[in-house]
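Undergrad: Below: sequence and its predicted model.
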Amino acid sequence: MSSLALFLIFLRAAALSVGGQGALPLLREDLVNTGVLTEGQVLEALAIGRIAPGPTGLYIVSLGYFAGGIGGALIAVAAASLPPIAMIVVAGTLRRWLVTAWVAGLVRGVALSSTGLLIATAIRLLAPEQSFFDLPLWQLVLAAVGVVLTIDGRIHPGLVLALGALVGVALGR
């Protein structure tokens, strides 16, 4: 894959997502479905992004690295940084309109639809070669418990990840 094509993939994903792992469905579609990366590499990049210190969106560095080495990682960071920088300029220019009800509704709608995309992508990553309903029950229960424990924000996500890792090691043999 050319450097320009890789740049455009990451730029498009960053421009059409809302922070964190919002770009994951687009990146997975563009990189896995075209054969540039495997599902395993996407999962590995997500794991590295979760374990590494810093924002959760750093998994894109690993995806870029898997797709194009060090150059690919640098391209991914550069491309993913452009839309947020552009938004700073746009927000400064349109500041008075950002507090209106229609903008709040727009943000809510985008956040909810990106949540749905993330859930669908998570299901595809959990069961890439099988039906979602063929997954072991403990994996489904673990995902549900993770949601319940973190939904109110009182339990630190790092603790939930550590507990999930322990359960995965114990039951995933």
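TA: Nice, thanks for sending it over.

Undergrad: On the three-state scheme, the residue most central in space within the chain is what?
TA: Taking C-alpha atoms, centre = their mean, the centroid of the chain lies closest to residue 21, which sits 2.2 Å from it. In three-state terms, and counting by DSSP: H, G, I helix; E, B strand; the rest coil, residue 21 is coil.

Undergrad: Would you check that my belief about it contacting residue 118 is correct?
TA: Yes: with the criterion set as C-beta atoms under 8 Å, residue 21 and residue 118 qualify as a contacting pair; they are 5.9 Å apart. (Glycine included, C-beta is placed from N, CA and C.)

Undergrad: before we move on, which element is the nearest residue to residue 72 once chain neighbours are set aside in?
TA: Leaving aside its chain neighbours, residue 72 sits nearest to residue 64 (4.2 Å; criterion: C-beta to C-beta, 6 or more residues apart in numbering). Using DSSP states H and E, residue 64 sits in helix 59-93.

Undergrad: list the buried ones in that helix?
TA: 59-68, 72-73, 75-76, 79-80, 83 (16 or more other C-beta atoms under 10 Å).

Undergrad: quick one, phi psi at residue 151?
TA: phi -70, psi -30 (degrees, to the nearest 10).

Undergrad: Thank you, goodbye.
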